[in-house]
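Chemist: Got a predicted structure here, sequence first:
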2 protein chains.
Amino acid sequence: MAGLGLVVAGTLPCEHGSVEGEVLSQVRPTAADYDSVGRLVKHLVDLVGSVVRSAGFDSFTVSVEGSVAKDTWLKGEVDVDVFVWFSRDVCKRSIEVFVEKVAPLFASRGFLVELRHAQHPYLRVLVEGFWVEVVPGCLYTGGRPLTAVDRTRLHTRYVVSSLSPPQRDEVRLLKSFMKGVGVYGAELAVGGFSGYAAELLVVKYGCFRRVVCSAAGWRPPVILYVEDGLRDAVKRLMGKYPSSLVFMPDPVDPSRNVAASVTPRSLGVFVLASRMYCRSPSIKFFHVHGCKASDSVYSSYLGERIENMVLVELVFKERVAPDNMWGMAERARKVASGLLKSHGFIVVNSSTFCDPSSLRCAMLVELQERVRRGLQAREGPFAWDAVQADRFISKYLELEAVGPWIDHDGRLRVLVKPPYTSADELLSAKLAQGLPRSLKNRLDSVLVHTGLNAIDAARRLSRQWFRENIVLKPCWIG
Amino acid sequence: MAGLGLVVAGTLPCEHGSVEGEVLSQVRPTAADYDSVGRLVKHLVDLVGSVVRSAGFDSFTVSVEGSVAKDTWLKGEVDVDVFVWFSRDVCKRSIEVFVEKVAPLFASRGFLVELRHAQHPYLRVLVEGFWVEVVPGCLYTGGRPLTAVDRTRLHTRYVVSSLSPPQRDEVRLLKSFMKGVGVYGAELAVGGFSGYAAELLVVKYGCFRRVVCSAAGWRPPVILYVEDGLRDAVKRLMGKYPSSLVFMPDPVDPSRNVAASVTPRSLGVFVLASRMYCRSPSIKFFHVHGCKASDSVYSSYLGERIENMVLVELVFKERVAPDNMWGMAERARKVASGLLKSHGFIVVNSSTFCDPSSLRCAMLVELQERVRRGLQAREGPFAWDAVQADRFISKYLELEAVGPWIDHDGRLRVLVKPPYTSADELLSAKLAQGLPRSLKNRLDSVLVHTGLNAIDAARRLSRQWFRENIVLKPCWIG
């Protein structure tokens, strides 16, 4: 069974050790937190109701969804999603005009407003220091088609009815663990587990300890069904999500894979961290600990590596939604890796970071050697492949090549001076033209930094990201 | 048909152009050559007869085989093989004691004598400046089993009866061409075509021009049968010689592949040179031209490459038959290439040369970069492969590694200082222990030279070999 990635919930007792106790004391909201969040929620519902009414809508209801509604939020990390539900008959038209009618009213009352777009447009409004999503939706009375917005409402209901009050703390532990090891969040920047996925894992396994001690044995394809009735849905998911490693049908909509966002890296991190945690629990794994390292620690890691670092900055012309930006940065990273590899450079590590607010993404590439000196062998066709061989020979006789000669395997080869002797030269000259047009069109510039400039730029952009790429070893390993 | 490697003899006229005329004028023996070789042959037959008789043998006959007997020898390149044939009843015992009885008698008459071993021992004797092979054999009156010695006699008969007198000159052209491009000789040092193979090719195609213009279109597997009756033998040969690229059943013993010795490199060279010759005949392709380059030409090729050259000398304890020596050197080259590759060095060219008389083989290795500076990434298992992952992590936590971290693909990786920063260091430390024991036991020492020392040593050993590995482009290309 394990070989198929099927995991049976552990039979560990659902108790808390001292580490879990310590974490909970930091992530469980206090009575005062509940009070203030309660007030915020009430205020939001009133505010949104009043604004939407002022915009001329009348047939709607307002609800709060997300971790606050489910009581699975972490202390200090409130996310409140406010949904505005229209009845079916006016819904389509209402959603279409919602943003353009409502946004100016929030702005005129002095709130900072952002427009976002998922399946349809919605708003983000800064209220009392919290970014609140204000999302219009259709109130179906059951049946398909489900939209992402419907689903959210059903997720709230499902989780509220499936988790006992003590299990909400188990979700808090799991979320804090996932954040600590860097796999919390379905957005591309993380490629990990959504809050809903974490909640479902607690529904499935019963408690935090059982989740991680089961995850310790996961191997892809990882197949997770929260209820036995979802067993059959997995096969369909495997067809529908061919690149997923983790398959977890959504109990609310079994044709959807709740774990579709989990990348190989996130899965690897989660499994390994879980294994290590089960063996030896420690607060290091949780976000309340945080991995910090002083600058002196960095320098002991850097040394000769500095000279082999290249940082490419992609500067966008205008705002792009964060998920799109991360997606494009990741595509650019793959293009850069391929380009470097095809020119004989050896990439030992590469990573991206996006800062949507400054319209910048950066890609840090560490090479085995950024500058190369020698001649490179180019492999040609077999000497007996007449047409290709003749073409190869005439090409390299014209260039300043050594050879061609016939090698032991019968193939033609030449030695040539590589066209680019340093990786930064190559990226400066060729990266931009290798990017997909949809990305290129959105870029203002592509800047290439090396050595100390590269690491300074990386550190300025994100100390956490910089740390990860210099130290490389997660703080919870070893 | 061509796609299957089957080649139909061309219908080119069998005429000589000016190039072939010029070559023939240099390689065709003159009347005076025939006279002196005739005298030598007679002298050898008498000499060998007298020595063998003195050794106490009486029931034997002496014959001369090889290119002189077939009249396909090149002017100035006489090889005379003298066979001593015993009748079947005394043969086995006679062959066993032949060498030990006959060798001292040659020596006592003042001749230089060498012992060699093929299927059984034989002698090489220096007579009037020519190394003459003196080989004992059994005179069967037909039927199997054939030995290599029987076969030689039958080869002589077959060639003599199959080639018209003008075709003997065609063989001379072909041999000179094969020598010129470096594919003449079945010994491991060349890995090319034997004289007999060249003769059979002329039997098959009729003349030099048709051989090379057919070879121009060869693609492996190359299937060559001299007579239609040998067509069926090819299939059996393909089973028996799985690593051969050229299949040519011996008309004298169809279970034997006359072209078994042809390496991929030799096939590639022969096909490419043939194609270029057919397109544009030139004396450059023939051994009477010779490829020469002055030292100033070398230096224009060398430049920055010098620093990336390593020469490994294998010094043997005692004499080894040349073919064995070349075989061992080639094995050592493959071990060295694998070792370098596994440590991240990029070999752009490698070649061996043996000098049996000085008990030395050398291996010249040119690297993209002989010295490396950066850290290397080591790829570990997937993070979810529990046992291997744990082993990998504990191994590298103990070493001075950067990481481990979980990479995009879910695998663990670390950065380590490579244990050897230069290829010569690596070869000095590890090559000897990687060699097969049969070779190691025969070595007195393994010396590693770099840079200028390496190229000086290579030049001292063989200017021709040195030239080939510096210029790399055969002089008949371009």
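Modeler: Great, that's in hand. Numbering: from 1, shown residues only, chains lettered A, B, ... in the order given.
Chemist: pretty sure A:Cys379 is touching A:Arg411, no?
Modeler: One thing to correct before we go on: residue A:379 is Glu, not Cys. Yes - under the criterion of Cβ atoms under 8 Å, A:Glu379 is in contact with A:Arg411, at a separation of 6.0 Å. C-beta coordinates here come from the backbone N, C-alpha and C atoms, glycine included.
Chemist: tell me, what's touching those two both at once?
Modeler: Shared contacts of A:Glu379 and A:Arg411, defined by Cβ atoms under 8 Å, 6 or more residues apart in numbering or on different chains, are absent.
Chemist: State the number of residues packed around A:Thr156.
Modeler: As a burial measure, the neighbour count of A:Thr156 was computed by other Cβ atoms under 10 Å in any protein chain shown and equals 23.
Chemist: Need the residue closest to the centroid of chain A.
Modeler: By Cα atoms, centre = their mean, the mean C-alpha position of chain A lies nearest to A:Val190, the distance being 2.2 Å.
Chemist: Look at it and give its secondary structure.
Modeler: For A:Val190, the assignment made with DSSP: H, G, I helix; E, B strand; the rest coil gives coil.
Chemist: returning to that earlier point: so which of A:Glu379 and A:Arg411 has more stuff around it?
Modeler: Legend: neighbour count by other Cβ under 10 Å for A:Glu379 and A:Arg411, higher for A:Arg411 (21 against 11).
Chemist: So the more buried one sits against A:Trp384, correct?
Modeler: No - with contact defined as Cβ under 8 Å, A:Arg411 does not count as touching A:Trp384 (9.9 Å).
Chemist: shared neighbours, the two?
Modeler: Among the neighbours of A:Arg411, those also in contact with A:Trp384 (Cβ under 8 Å, 6+ apart) are B:Gly268.
Chemist: Can you pull out the low-pLDDT segments for the stretch 251-400 of chain A?
Modeler: A:292-301 (pLDDT under 70).
Chemist: how about the helices in it?
Modeler: Taking DSSP state H, counting those that start in this stretch as the criterion, the stretch 251-400 of chain A carries its helices at A:264-279, A:295-302, A:322-342, A:386-398.
Chemist: Contacts only, for A:Val99.
Modeler: With contact set as Cβ under 8 Å, 6+ apart, A:Val99 has these partners: A:Leu115, A:Pro121, A:Tyr122, A:Leu123, A:Pro136.
Chemist: One more pass at 10 Å, please.
Modeler: Shown here is A:Val99, whose contacts under the criterion Cβ atoms under 10 Å, 6 or more residues apart in numbering or on different chains are A:Val113, A:Leu115, A:Arg116, A:His117, A:His120, A:Pro121, A:Tyr122, A:Leu123, A:Val134, A:Pro136.
Chemist: Just send those back as CSV, with distance to B:Glu22 and secondary structure too.
Modeler: Formatted as CSV, the contacts of A:Val99 follow (distance: Cβ to Cβ, whole Å; DSSP: H, G, I helix; E, B strand; the rest coil):
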residue, distance to B:Glu22, secondary structure
A:Val113, 91, strand
A:Leu115, 85, strand
A:Arg116, 84, strand
A:His117, 81, strand
A:His120, 86, coil
A:Pro121, 86, strand
A:Tyr122, 88, strand
A:Leu123, 91, strand
A:Val134, 94, strand
A:Pro136, 93, strand
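Chemist: Which of those residues ranks first by neighbour count?
Modeler: Counting by other Cβ under 10 Å, top hit in the contacts of A:Val99: A:Val134 with 27 neighbours.
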